[in-house]
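1. I need the structure of the sequence given here:
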Amino acid sequence: MTEKILDKRIFRLVNSISDELGQDWKVAEISLGFGLSIPHFQKLFKREVGMPPMTWLHDRRLEKFAGLLLSTFHPIKQLAYRVGLKNESHLTRDFKKKYGLTPTGYRKHHAKIEQLEAHLLKAESKIGQK
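-> Just a heads-up that it's a prediction; the model follows:
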């Protein structure tokens, strides 16, 4: 199966947005930047990416947020704001819908998995030393 090559405008946009998730992106402003009408831009984006632009943006924000939950110990609110997820009640609802846990539960769950993995590695190394 060959990988789809994005329209160069959409490719540049996707990369720009991915680098600046915390920015307050608006479809009207983006479409104007391309010199396209809002409906034409939305149609082009959906054709190229497979979903509407704001759906895609929200999904990328949740993915980045999930990664930050596991790679940092910063407060959840701070991480959410950093990636542009500014509505706390929507954040919890949407995160739970996508990942099956609240942000706090997700962080705790993965911390427990890491602890178990570390314990298993330690036990394996002891067995290997015998």
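
2. If you tally nearby residues, what's the number for residue 6?
-> 16 (other C-beta atoms under 10 Å). All C-beta spots, glycine's among them, are computed from the backbone N, C-alpha and C.

3. shouldn't it be in contact with residue 14?
-> Yes. The pair residue 6 / residue 14 is scored as a contact, 6.9 Å apart, by C-beta atoms under 8 Å.

4. Helices of the chain, residue ranges please.
-> Using DSSP state H, the helices of the chain run over 8-19, 27-34, 38-49, 53-71, 76-82, 88-99, 103-129.

5. okay if I get the ones you listed as TSV plus mean pLDDT and mean neighbour count?
-> TSV is the format used below for the helices of the chain (pLDDT from 0 to 100; neighbours: other C-beta atoms under 10 Å):
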stretch	mean pLDDT	mean neighbour count
helix 8-19	89	14
helix 27-34	90	14
helix 38-49	94	16
helix 53-71	96	17
helix 76-82	96	17
helix 88-99	94	15
helix 103-129	78	12
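
6. Can you give me the first-to-last residue distance of stretch 95-111?
-> Stretch 95-111 has its terminal residues 18 Å apart, counting by C-alpha to C-alpha, to the nearest Å.

7. Any figure for the gap between the most centrally placed residue in the chain and residue 14?
-> Central residue of the chain (C-alpha atoms, centre = their mean): residue 63, 2.1 Å from the mean position. Going from residue 63 to residue 14 by C-beta to C-beta, to the nearest Å gives 13 Å.

8. again with residue 122
-> On the measure of C-beta to C-beta, residue 122 and residue 14 end up 42 Å apart.

9. Could you do residue 78 as well?
-> Following C-beta to C-beta, the distance that separates residue 78 from residue 14 is 25 Å.

10. Tell me the spacing between residue 106 and residue 67.
-> 11 Å.

11. again but with residue 74, I slipped
-> 12 Å.

12. what does residue 129 give?
-> Distance, residue 129 to residue 67, using C-beta to C-beta: 35 Å.

13. likewise residue 38?
-> Residue 38 is 31 Å from residue 67, by C-beta to C-beta.

14. likewise residue 102?
-> Distance, residue 102 to residue 67, by C-beta to C-beta: 16 Å.
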